[in-house]
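1. prediction below, plus the sequence it came from.
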Amino acid sequence: MLALYIVTVIFIISPFFPATRNPHWFFRTPDFIRAQTVVIQVILLVLLLILIKTFSTEILILLAALGISTIYQLVKIIPYTSVYPRKKNPFSSDGHVSILAANVLQDNKDYNDFIGLVGKFDPDLVLTMESDSHWENALQEIENNYPFTVKIPLENYYGMHLYSRVKLESVETNFLVENDVPSIFFKYPAAGNPIFFTCLHPAPPSPTENETAKERDAELMIVGKKIRDMDCSAVVCGDMNDVVWSRTTRLFRKLTGMLDPRIGRGFYSTFHARYSFLRFPLDHLFHTRDLLVGKMTRSQYFGSDHFAMYYEIHYKASQETPENPDLTVEEVEEVEELIRRPENE
């Protein structure tokens, strides 16, 4: 029973680690596994109720703490499930732009499987992450249909390629925080106001990559400030290496006023594609309130450790870009601190 008590205490305390705001991967990991740890917490609760014969004050406190910790996690993740009520406001569409975004895995050689996905979804834009020179050569096959390209082939698992049916405006390739981690900015031509797109793939906090989340957090905040200063429709898309319920991502949404189309629909967990229980929603799309995501689909397996995501982004007819939401003094200071952190190392 002692081992059961110790494990229970660990799973009571660890979900609160991210609340410390410590950027080290050890303190951020519990954010990624909230859905899995909720299942474990429920199992622990059932085991305790079955195995315990005498419910002392200490045991009752332990059970109450476990229940509170479980509820704390459920409050964070339930909005990203289909049981959460989703607003379905009627709107008139001025057309849409579709994008297929995929972390293809640099070592994945199943090029034809991914090319098959492009043919199946037939998107207006194709975004690949972790694409190196081999992927670039393989994807020449789609360039007849996607003649406008942005190519950043890298061999460090952070290459990025963009393919478009139409000519893009104001295209920029950036290295916002780390010299070997690119991002792509562009405007997609649309009736009236073009849509500003940002394609991101920041490095995650992990034992094998960045020790902390400083670089990832800074990149999201830099992009957030840029979008906040713009007066146009905007989309941020890519493998963010963060879960949608994390404090950083929620602060990014507050900073930009952007919406997450997952809310009320489901997790759409994209990583790890091979292991269903170890699967987290890491690939995201956020959009300003004058846009709406209609169809949103997770792809079939194509050899990568990620699934691809397909989105249809509609323009809401006759709706202006809304004003930015207000931020508290504490939130403004937190944004600036997250941006400064990598510079101070």
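-> Cool, got the structure.
2. below-threshold pLDDT in this protein: ranges please.
-> Scanning the chain for pLDDT under 70 picks out 88-92, 191-192, 317-322, 342-345.
3. any idea how far stretch 219-239 is from the chain center?
-> Its chain's C-alpha centre and that of stretch 219-239 lie 14 Å apart, by CA atoms, centre = their mean, to the nearest Å.
4. buried set for it?
-> By neighbour count with 16 or more other CB atoms under 10 Å, stretch 219-239 contains the buried residues 219-225, 227-228, 233-239. In this view, the C-beta of every residue, glycine as well, is placed from N, C-alpha and C.
5. what segments of this structure are helices?
-> 2-13, 25-32, 34-51, 57-77, 111-121, 133-138, 214-228, 247-256, 329-340 (DSSP state H).
6. residue 264: which of those helices is closest?
-> Among these, the nearest to residue 264 by CB to CB is helix 57-77 (12.6 Å).
7. how far away from the center of its chain is that closest one?
-> The mean C-alpha position of helix 57-77 is separated from the chain mean by 27 Å, CA atoms, centre = their mean.
8. quick one, what contacts the residue nearest the centre of the chain?
-> Centroid check for the chain by CA atoms, centre = their mean gives residue 284 as the closest residue, at 3.5 Å. By CB atoms under 8 Å, 6 or more residues apart in numbering, the contact list for residue 284 reads 236, 237, 238, 240, 242, 244, 249, 260, 262.
9. tell me the bridge partners for the third one.
-> Meaning residue 238. Following DSSP bridges, residue 238 is listed with bridge partners residue 200, residue 284.
10. who touches it in this structure?
-> Per CB under 8 Å, 6+ apart, neighbours of residue 238: 101, 127, 129, 183, 198, 199, 200, 201, 283, 284.
11. okay, those residues in JSON lines with distance to residue 211 next?
-> What follows is these, written out as JSON lines (distance: CB to CB, whole Å):
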{"residue": "101", "distance to residue 211": "27"}
{"residue": "127", "distance to residue 211": "28"}
{"residue": "129", "distance to residue 211": "22"}
{"residue": "183", "distance to residue 211": "21"}
{"residue": "198", "distance to residue 211": "25"}
{"residue": "199", "distance to residue 211": "25"}
{"residue": "200", "distance to residue 211": "20"}
{"residue": "201", "distance to residue 211": "18"}
{"residue": "283", "distance to residue 211": "23"}
{"residue": "284", "distance to residue 211": "23"}
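12. please indicate which of those residues are buried?
-> Applying 16+ other CB under 10 Å to these flags 101, 127, 129, 183, 198, 199, 200, 201, 283, 284 as buried.
13. my read is that the first one contacts residue 285, right?
-> Yes: counting by CB atoms under 8 Å, a contact exists between residue 101 and residue 285, whose distance comes to 7.2 Å.
14. quick one: common contacting residues for the two?
-> By CB under 8 Å, 6+ apart, the residues touching both residue 101 and residue 285 are 237, 309, 311.
15. count the residues that sit near residue 26.
-> Residue 26: 13 surrounding residues under other CB atoms under 10 Å.
16. pull the number of nearby residues for the nearest residue to it once chain neighbours are set aside.
-> Among residues not flanking residue 26 along the chain, residue 17 sits closest, at 7.5 Å (CB to CB, 6 or more residues apart in numbering). The number of residues packed around residue 17, counting by other CB under 10 Å, is 16.
17. so what's residue 17 up against?
-> 26, 27, 28, 29, 30.
18. let's see that with 10 Å instead.
-> 24, 26, 27, 28, 29, 30, 31 (CB atoms under 10 Å, 6 or more residues apart in numbering).
19. same question for residue 154.
-> Per CB under 10 Å, 6+ apart, neighbours of residue 154: 106, 130, 131, 132, 133, 160, 180, 181, 182.
20. the last one - how many residues pack around it?
-> Yep, that's residue 182 we're talking about. When counting by other CB under 10 Å, one arrives at 20 neighbours for residue 182.
21. hang on, it packs against residue 131?
-> No: Residue 182 lies out of contact with residue 131 (CB atoms under 10 Å); the separation is 11.0 Å.
22. identify the contacts common to those two.
-> In contact with both residue 182 and residue 131: 152, 154, 158, 159, 160, using CB under 10 Å, 6+ apart.
23. and the fourth one, how many neighbours does it have?
-> The reference is to residue 159. Using other CB under 10 Å, the number of residues around residue 159 comes to 24.
24. most neighbours among the contacts of residue 17, which one?
-> Counting neighbours by other CB under 10 Å, residue 28 leads the contacts of residue 17 with 26 neighbours.
25. residues contacting that residue?
-> Neighbours of residue 28 in contact, by CB under 10 Å, 6+ apart: 17-18, 20-22, 204-206, 212-213, 216-217, 242-243, 246-248.
26. for residue 69, which non-adjacent residue is closest in space?
-> residue 12 (4.7 Å).
27. residue contacts, that neighbour?
-> Residue 12 makes contacts with 41, 44, 62, 64, 65, 66, 67, 68, 69, 70, 72, as judged by CB under 10 Å, 6+ apart.
28. separation between residue 283 and residue 267?
-> Distance from residue 283 to residue 267, counting by CB to CB, to the nearest Å: 11 Å.
29. joint contacts of the two?
-> What both residue 283 and residue 267 touch, as defined by CB under 10 Å, 6+ apart, is the set residue 298.
30. domain parsing for the chain?
-> As recorded under automatic domain parsing, the domains making up the chain are 2-80, 93-338.
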